[in-house]
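Colleague: Here you go, sequence then predicted model.
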2 protein chains.
Amino acid sequence: MSGLFVRCSRNYKPQPKKTAVRRSEKSSETEVARTVPRTGKPTLKTIADLTGLAITTVSRALGNAPQISEATRKRVHEVAGEIGYLPDRAAQRLKTGRTNVISVLLDPHEEILGFGTSLIHGLARALQSTPYHLIVTPSFIEGGNVDAVNYIIRNGMADGLILSRTEPFDPRVRLLLENGFPFVTHGRTEFTTPHAYVDFDNFAFAYQAVRRLIAKGRQRVTIIPPPRRLTFSQHMLHGFMTAVREVGVAYEIPETVDLDCPADQIRDHIRRRMAGAGAPDGLVCPGEVSALATITGMSDCDLGLGVEYDIVAKQTSHLLTQIQPKVETIYEDLTAAGEAMGHLLLRRIAGEDAAELHMLQAPQLGFPAP
Amino acid sequence: MSGLFVRCSRNYKPQPKKTAVRRSEKSSETEVARTVPRTGKPTLKTIADLTGLAITTVSRALGNAPQISEATRKRVHEVAGEIGYLPDRAAQRLKTGRTNVISVLLDPHEEILGFGTSLIHGLARALQSTPYHLIVTPSFIEGGNVDAVNYIIRNGMADGLILSRTEPFDPRVRLLLENGFPFVTHGRTEFTTPHAYVDFDNFAFAYQAVRRLIAKGRQRVTIIPPPRRLTFSQHMLHGFMTAVREVGVAYEIPETVDLDCPADQIRDHIRRRMAGAGAPDGLVCPGEVSALATITGMSDCDLGLGVEYDIVAKQTSHLLTQIQPKVETIYEDLTAAGEAMGHLLLRRIAGEDAAELHMLQAPQLGFPAP
DNA sequence: GGCGTGACTTATAACGTTTTAAATTGAGCC
DNA sequence: GGCTCAATTTAAAACGTTATAAGTCACGCC
């Protein structure tokens, strides 16, 4: 009578709908023992015993395999739901080789000020109703991101990778391309082999920023440039220069500071520069911290925002405008970027051609309500 | 002659040191096929074939089991190193039930401004030379942290948990205690059952902050209080009040704003308050963003830092002092906290009594060099 | 020479899945 | 009645690891 014997009999016909032999019912010890294994967590076997089906059938039914009759499919799903079955990820992973994990690599610079946070938020949303888990790998593995990528590929720690702050010939991207590992970058590269990416249109950002400064009557524009080695630095400076040349306004691009510099260095640079001759009166700040540092430096020189100078900053959170609402901003929606990256990565993992998986985000004027 | 047959023979004696039959050597196809499985990743079997030992023996040798002779132990380690063997975590996890994963739960508030980052950095350092991986679970699982904790316990997604921003009767802690799941909190609770924690001495922080303000001659002190529901809010206000009462200075504690408020709300509060009668001239700001917002609000009222008022802020990164070096700060070393939490958690997982696993961090005067 | 004993090594059975190949059945057909 | 066929269901073999229990040998002892 026990589920065990039933399953072993030659007769495979589904058991007379004696369904749902729950723990509360009195049944042979064997059955109970088999039904609830070591850990107490329900497994396929639990469901098999409960329904009188074979483990294989249960597995198939839950996987919505085509060969399973609608009746058993439904019954298995019901029972599974009732007892709160969740597949053991370790076992699935061992068997299939798929991890159901998406890994995000962050480097220390972007973790500051919620850059990473927003991206992750978007990613989490994209993966919400999928079997994928999101794992954030801070690049604290000594040796930096390249080693982390290598480790993840070699040991199959994830099915797909998200990375950002790309360089034109980013070694991480090269590694991933060589190994055919699915990934999406935030930022473009200059490899000829195409790969999936989402990028913000930093050309447009800088172009619009300069045009706005000029529209406000500013005569001499400058920018806190992103680190030269990052791809988007090129795009941004190109946008900057295009606007500058169109209008024929004076400009300068500092050589000694960039966005990744500590805030005090930026502040000091501004102070020094403003004390000199032909100081700029219009600034493009592609980061919130750099904008704050700039404002502080300016106010140290007794220069007033909106009076002696203007700033157009890139905004990715509420911080800047909440602290300093007089700054004009152009908004980069990182949450949307993250969500897009999630969807692109899923399609990439599903085997779509990387050449199709692109997205270029336009700068936004307004900031969505908090 | 093939490794397979050798292993099956009755004679268990280690093979004549014909060691290191590498792929480059010509050998029977069977052996090669067996040596490099499906995925190409070396497994215990690879090493077993290469050394002529049994899989069990190899496993034991790598695990430094006591019954293995020094000679084979060494040889196995050598071969493993040569071919770059790394154990399959999915298989280990399936077999042992241990995940070798430590999970960190962050909530959106602490991700801002590197609170989480520093903590994670410290954790990563503590886990560096252990088999444990660190997984950051942003609490974007709808339903918040409690559901996330529940999910992790139920599905055995980790061997231990790190969480922060505790409440006196934190439901997450209750859940973990009930299930006997190993964890360490950042912040204390008021449960009678002891649990592992690391906490910053916020009493001392607030006490010292007020004493410093008074030493500077300030007459009327206030504080941006942490959200009332968090445990450390009590500690901090207690420290604040203790200093206030010792000296008998005037004070006020705002009811309408707290540390988690958006920066603009804090700024507006300061502006309003400063316009009123009996405005404070000494402020305790237990967060960097709140300090910045406060300074902005003050400067909107034409009040000068170090002139009309002083601030003592809690510092957890370089941001604040780099932007606004005139602020006096007391430093909370979150990296050290993270590292401590990592070590405590490992000891907890190893079975040590939670009652012993505590640490209270004293406020620091200096900030370590960047 | 048989018999422990100690020092190693090994085969086997799990862990919970999925996959491959095989089984069972009733129906339809000759 | 035997045959194939389709529709289901099933058993058995993996995936890579570890734990349990069972060898295997050399050696010393009676």
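Modeller: The structure has been received and is ready for your questions. Numbers count the residues shown, from 1 in each chain, chains lettered A, B, ... in the order given.

Colleague: May I have the beta-bridge partners of A:T137?
Modeller: Counting by DSSP bridges, A:T137 is bridged to A:L105.

Colleague: List the contacts of it.
Modeller: Neighbouring residues of A:T137 by CB atoms under 8 Å, 6 or more residues apart in numbering or on different chains: A:103-106, A:148, A:152. The C-beta positions use only the backbone N, C-alpha and C, and glycine is treated the same way.

Colleague: Could you dump the residues you listed into JSON lines and include distance to DNA strand C?
Modeller: Output for the contacts of A:T137, formatted as JSON lines (distance: CB to the nearest atom of the strand, whole Å):
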{"residue": "A:S103", "distance to DNA strand C": "21"}
{"residue": "A:V104", "distance to DNA strand C": "25"}
{"residue": "A:L105", "distance to DNA strand C": "28"}
{"residue": "A:L106", "distance to DNA strand C": "30"}
{"residue": "A:A148", "distance to DNA strand C": "27"}
{"residue": "A:I152", "distance to DNA strand C": "22"}
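
Colleague: The residues you listed, buried ones only, as a PyMOL selection?
Modeller: Buried members of these, defined by 16 or more other CB atoms under 10 Å in any protein chain shown, are picked up in PyMOL with:
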select buried, chain A and resi 103+104+105+106+148+152
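
Colleague: okay, now the residue in the stretch 201-350 of chain A positioned nearest to DNA strand D: neighbour count?
Modeller: Going by CB to the nearest atom of the strand, DNA strand D is nearest to A:I349 of the stretch 201-350 of chain A, at 20.4 Å. Around A:I349 there are 17 other residues, counting by other CB atoms under 10 Å in any protein chain shown.

Colleague: same check, this time on A:G52
Modeller: A:G52: 18 neighbours (other CB under 10 Å).

Colleague: With A:L62 instead?
Modeller: A:L62, neighbours per other CB under 10 Å, totals 17.

Colleague: I figured it hits A:V79, correct?
Modeller: No: counting by CB atoms under 8 Å, A:L62 does not reach A:V79; the two are 10.1 Å apart.

Colleague: what residues are shared contacts of those two?
Modeller: A:Y85.

Colleague: quick one: A:T242 is in a helix?
Modeller: Yes: per DSSP: H, G, I helix; E, B strand; the rest coil, A:T242 lies within a helix segment.

Colleague: Please name the nearest non-neighbouring residue to it.
Modeller: A:Y207 (5.6 Å; CB to CB, 6 or more residues apart in numbering or on different chains).

Colleague: Just the element for that neighbour, please.
Modeller: For A:Y207, the host element (DSSP states H and E) is helix A:202-215.

Colleague: gap between A:D147 and A:T137?
Modeller: According to CB to CB, to the nearest Å, A:D147 and A:T137 sit 11 Å apart.

Colleague: A:L344 too?
Modeller: Distance from A:L344 to A:T137, by CB to CB: 19 Å.

Colleague: ok, now A:V221?
Modeller: Distance from A:V221 to A:T137, by CB to CB: 39 Å.

Colleague: Equivalent analysis for A:A158, please.
Modeller: Taken as CB to CB, the span from A:A158 to A:T137 is 9 Å.

Colleague: anything in contact with each of the two?
Modeller: Residues touching both A:A158 and A:T137 (CB under 8 Å, 6+ apart) are A:103, A:152.

Colleague: residues touching A:T231, list them.
Modeller: Contacts of A:T231 by CB under 8 Å, 6+ apart are A:166-168, A:170, A:187-190.

Colleague: Return the member of the residues you listed nearest to A:L94.
Modeller: For those, the closest approach to A:L94 (CB to CB) belongs to A:D170, at 32.2 Å.

Colleague: Quickly list the domain ranges of chain A.
Modeller: A:3-87, A:96-194+A:335-361, A:202-331 (automatic domain parsing).

Colleague: Considering these, which stretch scores lowest in mean pLDDT?
Modeller: The minimum mean pLDDT among the domains of chain A belongs to domain A:3-87 (a mean of 68).

Colleague: Taking the contacts of A:T231, tell me the two that lie furthest apart.
Modeller: It's A:G187 and A:E190 that sit farthest apart of the contacts of A:T231, by CB to CB, at 11.1 Å.

Colleague: Neighbour count for those two, which is higher?
Modeller: Neighbour totals were compared for A:G187 and A:E190, and A:G187 leads with 21 against 12 (other CB under 10 Å).

Colleague: close enough to count as contact, that one and A:S164?
Modeller: Yes: between A:G187 and A:S164 there is a contact under CB under 8 Å: 6.0 Å.

Colleague: Find the nearest non-adjacent residue to A:I47, please.
Modeller: A:I47 sits nearest to A:V58 (CB to CB, 6+ apart), 4.8 Å away.

Colleague: is it true that the one you found touches A:V76?
Modeller: Yes: contact criterion CB under 8 Å: A:V58 and A:V76 qualify, at 5.4 Å.

Colleague: who touches the one helix or strand A:A61 maps to?
Modeller: Using DSSP H and E, A:A61 maps to helix A:55-62. The contact list for helix A:55-62 (CB under 8 Å, 6+ apart) reads A:44-45, A:47-48, A:51, A:53, A:67-68, A:72-73, A:75-77, A:80, A:85, A:87.

Colleague: now stretch A:67-76
Modeller: By CB under 8 Å, 6+ apart, stretch A:67-76 touches A:14, A:19, A:47, A:51, A:53, A:57-58, A:60-62, A:64.

Colleague: quick one, phi psi at A:D310?
Modeller: phi -130, psi 150 (degrees, to the nearest 10).

Colleague: For beta bridges, what are the partners of it?
Modeller: Beta-bridge partners, per DSSP bridges, of A:D310: A:G282.

Colleague: And for it, the neighbour number?
Modeller: The number of residues packed near A:D310 is 21, by other CB under 10 Å.

Colleague: show me the contacts for it.
Modeller: Neighbouring residues of A:D310 by CB under 8 Å, 6+ apart: A:213, A:216, A:218, A:281-283, A:328.

Colleague: and with 7 Å instead?
Modeller: Contacts for A:D310 were tallied using CB atoms under 7 Å, 6 or more residues apart in numbering or on different chains; they are A:213, A:216, A:218, A:282, A:328.

Colleague: And for A:D264?
Modeller: Contact analysis of A:D264 by CB under 7 Å, 6+ apart lists B:Q322.

Colleague: Go again with 8 Å.
Modeller: Here A:D264 is in contact with A:293, B:318, B:321-323, B:325 (CB under 8 Å, 6+ apart).

Colleague: Highest neighbour count among those residues?
Modeller: A:A293 (28 neighbours).

Colleague: you'd agree it is up against A:A263?
Modeller: Yes: A:A293 sits in contact with A:A263 when judged by CB under 8 Å, with a separation of 4.0 Å.

Colleague: Show me the common contact partners of those two, please.
Modeller: Common neighbours of A:A293 and A:A263 are listed as B:322-323 (criterion: CB under 8 Å, 6+ apart).

Colleague: sorry, back to before: in strands only, show me the contacts of A:D264.
Modeller: The members of the contacts of A:D264 all map outside strands under DSSP state E.

Colleague: tell me which of these is nearest to DNA strand C?
Modeller: B:H318 (47.5 Å).

Colleague: The closest one against A:P262, yeah?
Modeller: Yes: counting by CB under 8 Å, B:H318 touches A:P262, with 6.2 Å between them.

Colleague: Please enumerate the strands of chain A.
Modeller: Going by DSSP E, chain A shows strands at A:101-106, A:133-138, A:160-164, A:183-186, A:196-200, A:220-223, A:250-252, A:282-285, A:310-315, A:328-331, A:358-361.

Colleague: In TSV, list these along with distance to B:Q361.
Modeller: Below are the strands of chain A laid out as TSV (distance: least, CB to CB, whole Å):
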stretch	distance to B:Q361
strand A:101-106	26
strand A:133-138	22
strand A:160-164	33
strand A:183-186	36
strand A:196-200	39
strand A:220-223	41
strand A:250-252	46
strand A:282-285	35
strand A:310-315	35
strand A:328-331	37
strand A:358-361	42
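
Colleague: Reformat those strands as CSV; add distance to DNA strand D.
Modeller: Shown next, in CSV, are the strands of chain A (distance: least, CB to the nearest atom of the strand, whole Å):
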stretch, distance to DNA strand D
strand A:101-106, 17
strand A:133-138, 19
strand A:160-164, 21
strand A:183-186, 23
strand A:196-200, 28
strand A:220-223, 52
strand A:250-252, 58
strand A:282-285, 51
strand A:310-315, 47
strand A:328-331, 47
strand A:358-361, 35
